[in-house]
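Participant: Have a look at this prediction, sequence included:
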2 protein chains.
Amino acid sequence: MRPTMKDVASAAGVALKTVSRVVNGEPGVHPATAERVRTAIDRLGYSRNESARVLRSGRTATIGLVIEDVADPFYSGLSRAVEEVVIGHGCLLLSGSSGEEPGRERELVETFCARRVDGLIVVPAGEDHTYLRSELEAGTPVVFADRPPGAGLDVDTVLADNAAGAEQAVRHLLGHGHHRIAFLGDDPAIFTAAERLRGYRETLGGLFDERLVSMRAPELETVRADLTRMFALDQPPTALFTGNGRYTVTALRALRGRRVALVGFDDFELADLLDPGVTVVAQDPSWMGRVAAELLFRRLRGDSGPSEHIQLPVRLIGRGSGEMSPYD
Amino acid sequence: MRPTMKDVASAAGVALKTVSRVVNGEPGVHPATAERVRTAIDRLGYSRNESARVLRSGRTATIGLVIEDVADPFYSGLSRAVEEVVIGHGCLLLSGSSGEEPGRERELVETFCARRVDGLIVVPAGEDHTYLRSELEAGTPVVFADRPPGAGLDVDTVLADNAAGAEQAVRHLLGHGHHRIAFLGDDPAIFTAAERLRGYRETLGGLFDERLVSMRAPELETVRADLTRMFALDQPPTALFTGNGRYTVTALRALRGRRVALVGFDDFELADLLDPGVTVVAQDPSWMGRVAAELLFRRLRGDSGPSEHIQLPVRLIGRGSGEMSPYD
DNA sequence: GTGAAAGCGCTAACAT
DNA sequence: ATGTTAGCGCTTTCAC
């Protein structure tokens, strides 16, 4: 079996509490005694049992992070930033991917809570977060990132300015002479997709045409079929606004060769190396992660002000694909 | 304060142990009693304290994963696969990025061990893993992925066949008529980089020329400088083999416009959309993660056979850049 | 400066 | 089918 504090204590010829003092760096131990204890610790290969500490002290020094998918570059960037902040505060990170399934989001959150994480950062997949209420009442701070919680939950949020980003994209294309601008995006049940659609629609105003909107799965076949349908219209689109990185890439594959102006939401590696370079509305996933994590730790330090709703700006990066005119 | 089993017990008018039985789904509880307990649980909003369970039972149902960087697509793919297997076994995942710093790798591993993770999957950054010995002796299974442990540690490993991959790449380029093939890769202190260099060197045989090798930081300026130097040689390279995804992308940026054949280690999104498509030696990060995690759970189930050393094959995907001849 | 005792919330082992 | 008891390894409290 592993050595315990008790073992170290008898090996060093001191009381358990003295070992505890040394291990925790508490003052009031004679240097010589401390040295004896440290020697015993090394000799036995002792390492403190965190579960026991947690049980007694109540603090797990663990943060839970629920995202949609670690394998998605947006969320892996966000994860890395959260991790940095968490480690910087001497804590560890429990993380899990919901895979866009509300049930799994809930399971992950509840499992994290059963482990008594000190705080939670959640990119929600579901619409209903009433199950979080008892946890919030127990005092666990929760920050929602990228998407807000369902109705009735008053928690901190860190979101990108999705509608403004869509507006920038559409204005940019209008400015280059396009009037027929198609939109390809996620199911509007997803907050970010709905917001981007809203920005697109409101900016287009009278130019909006629902036949130019497709919000189905980001699969190559689906996207290709929808684009084919749109290009067969009397007045086909001359430009395309894609609602996230996955749609941008899928659209690029589906469009191969066809000359259409394109602006995509989300920046991605190699966007500058394609020909033409892909114009995007860029978010900063690391920034979002950092801001969310820092807000969480502010709460953990005791800030109990009213819930904050931080909106991060996005910015358009022109690289060529969004600067083509409808005529050339 | 949060309700405990004791609270639930008195609320339901039963003994503590009965609540424990219901919570853990143990048999031998009268349905009516169980129902009363469940009602009390719901009413009080009870959720089991995992730290207490862990302290008593010794099993944390937690796996620790140390990688180099979650934000790197290779490792985020691996993470996602590990997570899938871990969740499938009813466990959670503690993960951390070493950032290629041996000190941080060790800190993460030791912190995970202090939390008494049931098992560890490690992509090592350091060379010395003797610090793991006591943990291994305590019975914690450890699987090394992507890179082997330092000398003297006999643990399971799951590695890609790096040297064979490099051989395939070089043979492919030789087969297309190249004799001057440059190599750009990571510091050979990193196992995978050393193996790929070895494969490259051994396959080239007498054609090897150390002036065509660069193993410095994958920064644009460094890579550009090294390539410029190589192209100024009397017999400049006509082909390039890049040692990992980061170098491939950096080289593509540095090469802009210049006609050189290219094969890169690691596949990446959009490799097919560039012009020409980028020929790569592809690994499968999900596969590696899945295999490592499954091996770990096999150990947790009690398999105590000799340590296993699994080598995963890689495969060359021709897309154009590797099929250019030196003459056209 | 050091130590003894209590108990965190749960499960394991043993009653009843 | 249900309850009682002990104790996991630590921190907290208070005594010396």
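Facilitator: Arrived safely.
Participant: Can you report how many residues lie near A:M5?
Facilitator: Neighbours of A:M5 under the rule other CB atoms under 10 Å in any protein chain shown: 21. The C-beta positions use only the backbone N, C-alpha and C, and glycine is treated the same way.
Participant: And for A:R216?
Facilitator: 14.
Participant: cool, A:G103 as well?
Facilitator: Other residues within reach of A:G103, judged by other CB under 10 Å, total 11.
Participant: The one 4 residues further on now?
Facilitator: Using other CB under 10 Å as the criterion, A:E107 is surrounded by 15 other residues.
Participant: thought A:Y247 was touching A:V263?
Facilitator: No: the pair A:Y247 / A:V263 is not scored as a contact, 11.5 Å apart, by CB atoms under 8 Å.
Participant: And A:F144, how far from A:G99?
Facilitator: According to CB to CB, to the nearest Å, A:F144 and A:G99 sit 18 Å apart.
Participant: which of the two has more neighbours?
Facilitator: More neighbours surround A:F144 than the other of A:F144 and A:G99, with 26 against 14 (other CB under 10 Å).
Participant: Chain neighbours aside, what residue packs nearest to that one?
Facilitator: A:T157 (4.7 Å; CB to CB, 6 or more residues apart in numbering or on different chains).
Participant: Can you tell me the SS state at the one you found?
Facilitator: Here A:T157 is recorded as strand under DSSP: H, G, I helix; E, B strand; the rest coil.
Participant: For it, list each beta-bridge partner.
Facilitator: For A:T157, the beta-bridge partners are A:F144, A:H309 (DSSP bridges).
Participant: Could you report the pLDDT at it?
Facilitator: Note on A:T157: pLDDT of 98.
Participant: how far away is it from chain B?
Facilitator: Counting by CB to the nearest CB, to the nearest Å, the gap from A:T157 to chain B is 23 Å.
Participant: Please name the residues that touch that residue.
Facilitator: A:143-145, A:148-149, A:307-310 (CB atoms under 8 Å, 6 or more residues apart in numbering or on different chains).
Participant: list the contacts for the closest residue to A:R259 other than its chain neighbours?
Facilitator: Closest residue in space to A:R259, ignoring its immediate chain neighbours: A:M324 at 7.1 Å, by CB to CB, 6+ apart. Residues in contact with A:M324 (CB under 8 Å, 6+ apart) are A:176, A:239, A:259-261, A:276.
Participant: and those, which are buried?
Facilitator: Neighbour-count burial (16 or more other CB atoms under 10 Å in any protein chain shown) is assigned, among the contacts of A:M324, to A:176, A:239, A:260-261.
Participant: anything in the lowest-mean-pLDDT helix or strand in chain A near DNA strand C?
Facilitator: Counting by mean pLDDT, DSSP states H and E, chain A has its least confident helix or strand at helix A:133-137, which shows a mean of 87. No: using CB under 7 Å from any atom of the strand, helix A:133-137 stays clear of DNA strand C, with a minimum separation of 14.1 Å.
Participant: contact partners of that helix?
Facilitator: Applying CB under 8 Å, 6+ apart, the set of residues contacting helix A:133-137 is A:109, A:113, A:120, A:142, A:153, A:155, B:45.
Participant: Just the element for the residue lying closest to A:E269 once chain neighbours are set aside, please.
Facilitator: What sits nearest to A:E269 in space, not counting adjacent residues and going by CB to CB, 6+ apart, is B:V249, at 6.7 Å. Using DSSP states H and E, B:V249 maps to helix B:245-255.
Participant: contact partners of the very next helix or strand once past that helix?
Facilitator: Per DSSP H and E, the first helix or strand lying C-terminal to helix B:245-255 is strand B:261-265. Applying CB under 8 Å, 6+ apart, the contact partners of strand B:261-265 are B:162, B:165-166, B:169, B:172-173, B:176, B:178, B:185, B:196, B:238-245, B:247-248, B:251-252, B:255, B:271, B:278-281, B:283, B:316, B:321-326.
Participant: among those residues, which ones are buried?
Facilitator: The buried subset of the contacts of strand B:261-265 (16+ other CB under 10 Å) comprises B:162, B:165-166, B:169, B:172-173, B:176, B:178, B:185, B:196, B:238-245, B:247-248, B:251-252, B:255, B:271, B:278-281, B:283, B:321-324, B:326.
Participant: what does chain A put close to DNA strand D?
Facilitator: A:1-2, A:4-6, A:16-17, A:20, A:23-24, A:48-49, A:52-53, A:55-57.
Participant: from the residues you listed, which are also near chain B?
Facilitator: On the criterion CB under 8 Å from any CB of the partner chain, A:2, A:48-49, A:52, A:55 are the entries of the residues of chain A next to DNA strand D that sit beside chain B.
Participant: Tabulate these in CSV, adding columns for neighbour count, secondary structure and pLDDT.
Facilitator: CSV is the format used below for those (neighbours: other CB atoms under 10 Å in any protein chain shown; DSSP: H, G, I helix; E, B strand; the rest coil; pLDDT from 0 to 100):
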residue, neighbour count, secondary structure, pLDDT
A:R2, 16, coil, 86
A:R48, 17, coil, 91
A:N49, 18, coil, 90
A:A52, 16, helix, 92
A:L55, 19, helix, 90
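Participant: what ranges do the strands span in chain A?
Facilitator: Ranges of strands in chain A, per DSSP state E, are A:62-67, A:92-97, A:119-122, A:142-145, A:156-160, A:181-184, A:213-214, A:239-242, A:261-265, A:279-282, A:309-312, A:315-317.
Participant: Redo these as TSV? Include distance to B:E294.
Facilitator: Converted to TSV, the strands of chain A look like this (distance: least, CB to CB, whole Å):
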stretch	distance to B:E294
strand A:62-67	23
strand A:92-97	18
strand A:119-122	29
strand A:142-145	32
strand A:156-160	36
strand A:181-184	38
strand A:213-214	39
strand A:239-242	37
strand A:261-265	37
strand A:279-282	38
strand A:309-312	39
strand A:315-317	42
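Participant: which residues does A:V280 contact?
Facilitator: Here A:V280 is in contact with A:248, A:263-268, A:271, A:316-317, A:319 (criterion: CB under 8 Å, 6+ apart).
Participant: Which of the buried ones among the contacts of A:M324 sits closest to DNA strand C?
Facilitator: The nearest member of these to DNA strand C, counting by CB to the nearest atom of the strand, is A:A239 at 58.0 Å.
Participant: Show the pLDDT at that closest one.
Facilitator: What the model reports as pLDDT for A:A239 is 97.
Participant: related to what we said a few turns ago, I'd like to know which of the contacts of helix A:133-137 are buried.
Facilitator: Neighbour-count burial (16+ other CB under 10 Å) is assigned, among the contacts of helix A:133-137, to A:109, A:113, A:120, A:142, A:153, A:155.
Participant: Check these one by one and keep those near chain B.
Facilitator: Answer for those near chain B (CB under 8 Å from any CB): A:C113.
Participant: just the buried ones among the contacts of helix A:133-137 now: which is nearest DNA strand C?
Facilitator: Relative to DNA strand C, and with distances defined as CB to the nearest atom of the strand, the nearest of the buried ones among the contacts of helix A:133-137 is A:C113, at 12.1 Å.
Participant: Look up the pLDDT of the closest one for me, please.
Facilitator: 90.
Participant: Skipping adjacent residues, who's closest to it in space?
Facilitator: Using CB to CB, 6+ apart, the closest residue to A:C113 is A:E135 (5.0 Å).
Participant: And that neighbour, how far from A:A271?
Facilitator: A:E135 sits at a distance of 40 Å from A:A271 (criterion: CB to CB).
Participant: Then A:M288?
Facilitator: Noted for A:M288: a distance of 19 Å to A:A271, by CB to CB.
Participant: repeat for A:H89
Facilitator: The gap separating A:H89 from A:A271 is 34 Å, by CB to CB.
Participant: next one: A:C113
Facilitator: Computed as CB to CB, the A:C113 to A:A271 distance reads 39 Å.
Participant: tell me the domain ranges of chain A?
Facilitator: Chain A breaks down by automatic domain parsing into domains covering A:5-48, A:59-160+A:286-311, A:162-284+A:316-323.
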